[in-house]
Every structure is written in structure tokens, then in C-alpha cells.
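Peer 1: need coordinates for the following:
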Amino acid sequence: MMRIRLRRFWDNLNSGFWFFPAALLAASALLAALTLWLDENYFEGRQPSFDLLWAGHADGARELLATVAASIITVAGVVFSILIVALALASQQFGPRLLRNFTRDRGNQLSLGVFVGTFLYCLLVLRTVRHGPGETAFVPNLSVTTAIVLTTTSLG
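Peer 2: So this is what the prediction gives:
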């Protein structure tokens, strides 16, 4: 009996629109923590050892992360606003089952999760970039490079 309830709870949770994007948000927060930890404990004070890592200054990293975060959240907002308008118009003609199919579609959940996860990742990394009078400069090279990879993934 308990097993059936747990199975039903898991199915209800898993079929909701926000479960998968929320899991991707948690994964992006963990990824940010991991890459920042690597930057602080392994890469700090060193010039990147291979050319694929970000090698810019703190101002450039801050600008890049802020631009990516703003762009990604704008794209996510526009894309899903247009989809909701189209679905609202279509559901008037085809019924509410269309909306249920949309919310259960993994592709839609994945795209929202990647967009919002990239946004969260950039915000978490952005808050750690330090450069200014009276503080030691810190540019998380690996984390900024990972943000560029996530942005490229979002474009795909």
C-alpha cells in the first residue's frame, strides 16, 4: 500500500511541469559550487594552463557573465511567453488536453531547465568575481569557461 502511494506521488511529481527544470536548477547550482571550488583551490593565482580556459580580467568576466545572464533570461521569457499565447489560442479550439501534453513534454521542460539553469549558474559565478581597491582580485577562469559552454548549450 505504501509502495503504491510512493509510486503515485513520484508519478505526480515527475509529471509536473516544474520538477525537471527544478532538478536542472539544483544541478546548475551544484555545478557552480564545484567549478568555483576548483577555481579557488586549484586555479587561484595561476595563469590558465591551457588555452580553452577563460584568461581575461575580472571586468571582462563580470561583463560576460552579466550579459549572458540577462540574455538567457530574456530569451527564456520571450520563448515561453510566445508558447503560452499559442497554447492558449490552440487550447480554445482543441481542448485542455493540449496544455496537459505541453506541460508533460520533456523537451519543453529541458529547454526551460537549461535556460534557467544557465541563468542561475551565471548569477552564482558573477557574485564571486572580485576586483577593486582593497580586495584581492579573483577571476574564476574555469567557472567563466563553463558559463560559456552552458551558453553554447542554451543556443543549441
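Peer 1: ok, longest helix in this structure?
Peer 2: helix 58-94 (DSSP state H).
Peer 1: got the buried residues for that helix?
Peer 2: Residues 61, 62, 64, 65, 68, 69, 72, 73, 76, 80, 87 are the ones in helix 58-94 that count as buried (16 or more other C-beta atoms under 10 Å). Heads up, the C-betas are built off the backbone N, CA and C, glycines and all.
Peer 1: can you check the pLDDT for the fifth one?
Peer 2: Looking back up the chat, that one is residue 68. Here the pLDDT value assigned to residue 68 is 88.
Peer 1: what sits against residue 68?
Peer 2: Neighbouring residues of residue 68 by C-beta atoms under 8 Å, 6 or more residues apart in numbering: 118, 122, 147, 148, 151.
Peer 1: just those residues: which are in helices?
Peer 2: Per DSSP H, the contacts of residue 68 map to helices at 118, 122, 147, 148, 151.
Peer 1: gap between the closest residue to the third one other than its chain neighbours and residue 131?
Peer 2: Closest residue to residue 147 apart from its sequence neighbours, by C-beta to C-beta, 6 or more residues apart in numbering: residue 122 at 5.3 Å. In this structure, residue 122 lies at 17 Å from residue 131, with C-beta to C-beta, to the nearest Å as the measure.
Peer 1: so where is the protein shaky, pLDDT-wise?
Peer 2: 1, 12-17, 43-55, 95-100, 103, 132, 134-135 (pLDDT under 70).
Peer 1: helix or strand for the residue found closest to residue 121 once you drop the neighbours it is linked to in the chain, just tell me which one.
Peer 2: Distances taken as C-beta to C-beta, 6+ apart place residue 28 nearest to residue 121, at 4.4 Å, with adjacent residues excluded. Using DSSP states H and E, the element containing residue 28 is helix 19-38.
Peer 1: what sits up against that helix?
Peer 2: 13-14, 106, 109-110, 112-114, 116-118, 120-121, 124-125, 128, 140, 142-143, 146, 150.
Peer 1: please save the CA atoms from that helix in CSV.
Peer 2: The C-alpha trace of helix 19-38 is given here as CSV (Å, rounded to 0.1, in the frame of the first residue of the first chain):
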residue,chain,number,x,y,z
PHE,A,19,10.0,19.2,-11.5
PHE,A,20,12.6,18.6,-14.2
PRO,A,21,13.5,22.3,-14.6
ALA,A,22,13.9,22.5,-10.8
ALA,A,23,16.2,19.4,-10.9
LEU,A,24,18.3,21.2,-13.6
LEU,A,25,18.4,24.3,-11.4
ALA,A,26,19.7,22.3,-8.5
ALA,A,27,22.3,20.6,-10.8
SER,A,28,23.5,24.0,-12.1
ALA,A,29,23.8,25.3,-8.5
LEU,A,30,25.9,22.2,-7.7
LEU,A,31,28.0,22.7,-10.9
ALA,A,32,28.6,26.4,-9.9
ALA,A,33,29.7,25.3,-6.4
LEU,A,34,32.0,22.6,-7.9
THR,A,35,33.7,24.9,-10.5
LEU,A,36,34.1,27.7,-8.0
TRP,A,37,35.7,25.3,-5.5
LEU,A,38,38.1,24.1,-8.2
